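>>> Model the following, please.
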Amino acid sequence: MDWILALFVGYGFGSVPFGLLLTQLAGMEDLRGIGSGNIGATNVLRTGNKKLAAATLLLDLGKGFAAVSMTAALWPQWTWLTALAVFVGHCFPVWLKFKGGKGVATTAGIAFAYAWPIGLAYAVAWIGLLAVVRISSVAGMSAAVIAPLVALALGQSEAAMVLGVIALVVLFQHRANIARLVAGTEPKVGAKK
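This next block holds a predicted model:
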């Protein structure tokens, strides 16, 4: 039964839509009708509220870290299942008709839970590229691809496999962004409309 508990912990944590909840509590319009319609931190930033965007990022990261860390302590053989489930829960929450976020912040939490050097590499790639190119999708996708490579280099085979699968889904979730990047129309963070 441990695997069922690990699955529920992962999906349960992951499916909490912090971006949507925080913006609703702040009295804002439905986040799903703004910008990309996404429930993640980048779209919360489009509301103009940097504090809520930062809170969303930290909470989405935190739920990935908390779920994986909890399972690693209680049912370590099922850590991989919780890691995948928390990511899937964020991207496809049942409460929102399976239309959630793209998983970048939650993946950061998963990476940190597996090993801090993996999480650090993820964060450096994500924040560093965001600072240089100012395109959220490029930074997020790059960090997601780098994480399993770092895990592999550190000999963390389970983390490498899990993060590799997640990276593929992150790329799929960004397919519209990729099309805009190719067309040269992907917006930069902080750019005026």
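
>>> Counting neighbours, what do you get for Phe98?
11 (other CB atoms under 10 Å). C-beta: built from backbone N, CA, C; applies to glycine.

>>> thought it was touching Val88?
No - assessed by CB atoms under 8 Å, Phe98 is found out of contact with Val88, at 9.6 Å.

>>> Show the secondary-structure elements that the helix or strand of the chain at the bottom of the mean pLDDT ranking is packed against.
Within the chain, no helix or strand scores below helix 41-45, which has a mean of 88 by mean pLDDT, DSSP states H and E. Secondary-structure packing of helix 41-45 (3 or more CB pairs under 8 Å, 6 or more residues apart in numbering; DSSP states H and E): helix 18-25, helix 50-74.

>>> So what touches stretch 164-176?
36, 83-84, 87, 91, 102-104, 107, 110, 137, 140-141, 144-145, 147-148, 178 (CB atoms under 8 Å, 6 or more residues apart in numbering).

>>> same question for that stretch, mean pLDDT?
For stretch 164-176, mean pLDDT is 96.

>>> List the buried residues of that stretch.
164, 166-167, 169-171, 173-174 (16 or more other CB atoms under 10 Å).

>>> In TSV: these, plus distance to Gln77 and secondary structure.
Below are these laid out as TSV (distance: CB to CB, whole Å; DSSP: H, G, I helix; E, B strand; the rest coil):
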residue	distance to Gln77	secondary structure
Gly164	19	helix
Ile166	19	helix
Ala167	23	helix
Val169	23	helix
Val170	25	helix
Leu171	28	helix
Gln173	28	helix
His174	32	coil
